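Colleague: quick one, what's the 3D model for this:
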Amino acid sequence: MPSAVRTAFDEDATAERVADHGRWMPVLVPAAERWLDALIVLDRYQEGAALWEPPARELRGLLRQSGAFRDVRLLRLSARPDGSPGLAPHARTPAAQLRPAASAVDPAGRTLTLVLTDGVAPQWRTAGLLGALRAWAGSGPAAVVQMLPEHAWERTALAPRPGRFRSTGPDAPNPRLLYTGYGLRPAPLGPGGIAVPVLAPTPEWLGPWARAVAGRGAFDAAAVLLPRAVPDAVAGPPRHPVGFEDFRARAQPDVFRLAGYLAAAPLNLAVMRTVQSAMLPHSPPSDLAEIVFSGLLHRVPGPSGAAEDDVLGRAYEFAPGVRERLLGTIRRDEADEVVAAVSAYLERHAPAVGARFTAALADPAGPILLPPGARHWAEVRSLVRRRQGLPEPAVREEPAVPDMPEETRAAPPGAAPRPRLRPSGPIDLADHAYHRLVGMAETVRGFGAAGHSRLRGFSRLIAPCAGGSTNLADLLADRVPEWWALGNEPSAQFLNDALPGALTEYLARYGDDAGRAERLLHALAYAEQGDFFTVTELAVAYRAVSGERLTEDDVDWLATREDGLVVRRPEPPDGPGSFRLPHPVLADVLRARDRQPVVHAAIADSLADVTSGVEPGRRWPAGAGYARSHLAAHAAAAGILDSFLRDPGFIAWADPAGLRTAARTQRSLLGDELGETLGATDLGRFDAEDSRARLDVLAVTALQLRHGTLAALCTRGADWRPEWSAPRAGAVSLGSAFLAGEHRLLVGGAGSLTVVAPGTGSPRDMLPVRPGSPTTSMSCIDVGGRPHAVAASDDGTVTVLRLDDGLVRDRWSAGTGRRVTVACTEIGGAPYALLGSADSSLHLWDLTDGEPTRRPLPYARADVFACTTFDGDPHAVVCEGDSVRFWNLAEQGPALRYAHDAEITALTCLDGWGSWDAVLGLANGGVDVTPLSGRRHRSLHSNASGAIRTTAAGRVDDRVYVAAGDSTGLTQVWEVTGLSRPLLSLQLPRPVTALHMDGLRLIMAMDGALIAVELRV
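Modeller: Numbering: from 1, shown residues only. Predicted coordinates:
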């Protein structure tokens, strides 16, 4: 659709104008732009939200890849401290920092809202959530995406009614959707009511609705009917506990089977998802959600000190008697599969426990008292064994000296033996090597004189080199007596040198499979930092080292190895899993056999191709986790990292720690700049999918470090470009003044004001204020026809400076230890300064004699205020809590008062640049523009999740721009006379303390440094 703010050059119309009128003037027409933004709201009122987080992220990625929307955002919906609904971009945002639900309402009506929910929270029957849903649906297209299966919808708090919708035009808000209910007596919608479609997350439901949003059309769907006046609470049917028979009667077959499998495991959401993936890999998350919300489960109190926000770790239990009956519906081998899956999960996610789920058994006569968090797990395992008819395992005493690892049954001719190791791994491997050495000491002349303590030392050297294999330990132990017989003391270096020969001898035992074994182990050796290779990643490395394709037989061969040279992680449960070598020593030996840079280059290119997706351009966010962590390392080892670093998408997507290490190995300008920049900032706190935020942080940090090449690369395609930085400016506050006919920037630092050229950042003069005390606030005014600055320090000192010669005209104390704010104005042609702090009233000071001449303004708290002129009279704009007052300073009289929905934390006045006069920053991240004339204020569309700390305003021709910075480091810029959506959302490494706008140049003070960027509008 035609843009309201951007224009495009019309070549044909310009040519016709030149031909017809001879005027060489370009014809500009509104540029075409996408219709809508997309907002995904994920309901987090209930614990099942953990199940819907992955689908919500997938939907966000799908909408972004479609290219149909200008912007796609994902916000989480949960309760604020006062019980009202709030929104946040991150799942773990504290409740006190949630923005009100109304902040997501787009006044322009160009936001499509999808609410992902299971509808089971009772709050969906209250005015808070229903009112929020009505507000979103009233301002643009909106729909509820119901994650539960359709047959369960009627039991939720958002029980919909079936009907038919008809769209009256493209981009229509829900009030313009015509709804007709089904049935002989459909429920009336009522005047002013809104019908919100309820859709399942499938193409059959979403497709017709999307076509109706794009144009005229009709579709069938369920609907939530919202009357004009949403009642405080809507009564719902009472919920009763569900028994086994009730559940079996209404559950779908797959849901009932899943419940049976869950009965064989201790229950929390993480374990339940593991069991579902292992036993029913093709079942959707809604099957598990149906069990969780069926009434069949109840919460089990956790141990004291357990994290309340650990949703995945909260324990559940079936209703009394249900677990036993469900266990009777599954076979013994199926129960064993469940136990194995849970044990594997625990080994991966709780390594400090040191024991598997199969080792946790409740024994009332046992000597160990299980902690509260482990009793539930042990009781469930004991119940499963009893239902299987298995006896409880007897307690056996371990021998004082561990035995040698047992060898398995005789292997086929030509095959390597398959040893069994105890769970403790390296410790038992050292014991095995020790027993091997002791056995040889009796037969090898002179070796027995080594002594047991020395043999123990040799065995501890052998264990890490053997890499988990008793066979390799045997081969290395066999070489120790030979070395000893030559009069040499075996060492780690000797064993490392002996390992290649031992490995070659060991691989030869595979007979016909020796070549396959070497190629597969060789490929695994290129897993960076001993990480696991999935089958896809292994195929990439296998082709790079051997030039051959990985086959299913190769994968099956790896999956069945039990000889200690391959570690397998059975994930996903329905596939072969992932693989790695047990020790980096083996990887070093295997990689030493070829030209490593060539192999690393082949792996890097192949990983990039797998990540690329559909051309044109690489879609880095779709890449696998291994590629994100280690592609840079492979590229650096191959010497081709710079070819990837030229793509800013790769820089934003790659793992910061791995990329930093890789970049430092490159001898190139870009690699050096990136390595130093990554070391100076923390990208890990930003989501890898939010590439723009990561690139903004890198660009600003690079600008501070004077790394222009990297800063320009990271801002390619951004809404801003870097200009200059002053890393050691000591900036705390910012102001401006005209000196000698030129605009100058004033920078308040530690004990001084610095005059700076805004175009270059070069300091022109330094004026003394208060030695050792930061200048926290300043304001400029003409006194006697000469420019002056009134500067307040954080100790309460106020200094009046004459800017053209640096003379200190006056200095006084406005209150010891107070952080003073200052704003200047003229009353009757005379200069005055308005002073105040958080714990004192506002006072007017006459700048001609430095004395307060008016009685204090009646405000107990006055640290957020400003001065402006309205209708020819000077006014003070004073903020108290969530209210703002306009006070006529000339008449000392009455103030207009306006209330806002959050505490006001920052203020800027536009000084008559338009009808909107005061810009207010709020503690909830909102930004409101309020007129002094008494007209209704409006809210700008803010993406901030933290409190607004500072604001600024600027003007270019007839356009007014406003900037705001929040406590998370997000700085935004809007055109006040245009749309309410920000023109710029710039993520900084840290919050700004002050902002200043010089035309389209935005100057920011952050950690004492000055940073200047230019908007691209």
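Colleague: show me where pLDDT drops low in the stretch 301-450 of the chain?
Modeller: For the stretch 301-450 of the chain, the stretches with pLDDT under 70 are 301-313, 344-427, 442-446.
Colleague: what about 80?
Modeller: 301-315, 332-333, 336, 340-429, 439-450 (pLDDT under 80).
Colleague: the bottom helix or strand of this protein by mean pLDDT?
Modeller: Scoring the helices and strands of the chain by mean pLDDT, DSSP states H and E places helix 372-387 at the bottom, with a mean of 53.
Colleague: which parts of stretch 781-792 are buried?
Modeller: Neighbour-count burial for stretch 781-792 flags 781, 783, 787-792 (criterion: 16 or more other C-beta atoms under 10 Å). Yep, even glycine has a C-beta here, placed from its N, CA and C like the rest.
Colleague: what's the farthest-apart pair in those?
Modeller: Across those, no pair lies farther apart than Pro787 and Ala792, at 17.6 Å, counting by C-beta to C-beta.
Colleague: buried residues in the strand or helix carrying Ala50?
Modeller: Secondary structure from DSSP states H and E places Ala50 in helix 49-66. With burial defined by 16+ other C-beta under 10 Å, the residues of helix 49-66 counted as buried are 49-53, 55-56, 59-61, 63-64.
Colleague: cool, stretch 428-446 as well?
Modeller: For stretch 428-446, by 16+ other C-beta under 10 Å, it's 428-438, 440-441, 444.
Colleague: what do you get for stretch 870-877?
Modeller: In stretch 870-877, counting by 16+ other C-beta under 10 Å, buried: 870, 874-877.
Colleague: likewise for stretch 198-218?
Modeller: For stretch 198-218, using 16+ other C-beta under 10 Å, the buried residues are 198-201, 205-206, 208-210, 212-213.
Colleague: what's the answer for stretch 498-506, then?
Modeller: Neighbour-count burial for stretch 498-506 flags 498-499, 502-503, 506 (criterion: 16+ other C-beta under 10 Å).
Colleague: stretch 873-893 now?
Modeller: Quick answer for stretch 873-893 (16+ other C-beta under 10 Å): 874-880, 882, 884-889.
Colleague: centre of the chain to it, how far?
Modeller: In terms of C-alpha atoms, centre = their mean, to the nearest Å, the centre of stretch 873-893 is found 41 Å from the chain centre.
Colleague: that stretch: end-to-end distance?
Modeller: Taking C-alpha to C-alpha, to the nearest Å, stretch 873-893 runs 11 Å from one end to the other.
Colleague: chain center to stretch 457-475: distance?
Modeller: 43 Å.
Colleague: any regions of the stretch 151-300 of the chain where pLDDT drops low?
Modeller: By pLDDT under 80, the low-scoring segments of the stretch 151-300 of the chain are 168-175, 183-192, 215-216, 228-243, 278, 299-300.
Colleague: typo on my end, it should be the stretch 501-650 of the chain
Modeller: In the stretch 501-650 of the chain, residues with pLDDT under 80: 509-512, 528-530, 560-565, 570-576, 582-585, 593-595, 606-627.
Colleague: which residues of it fall in strands?
Modeller: Secondary structure of the stretch 501-650 of the chain, counting by DSSP state E, counting those that start in this stretch: strands at 567-569, 578-580.
Colleague: nearest to Ala608, out of those?
Modeller: Among those, if distance is taken as C-beta to C-beta, the winner is strand 578-580, at 20.1 Å.
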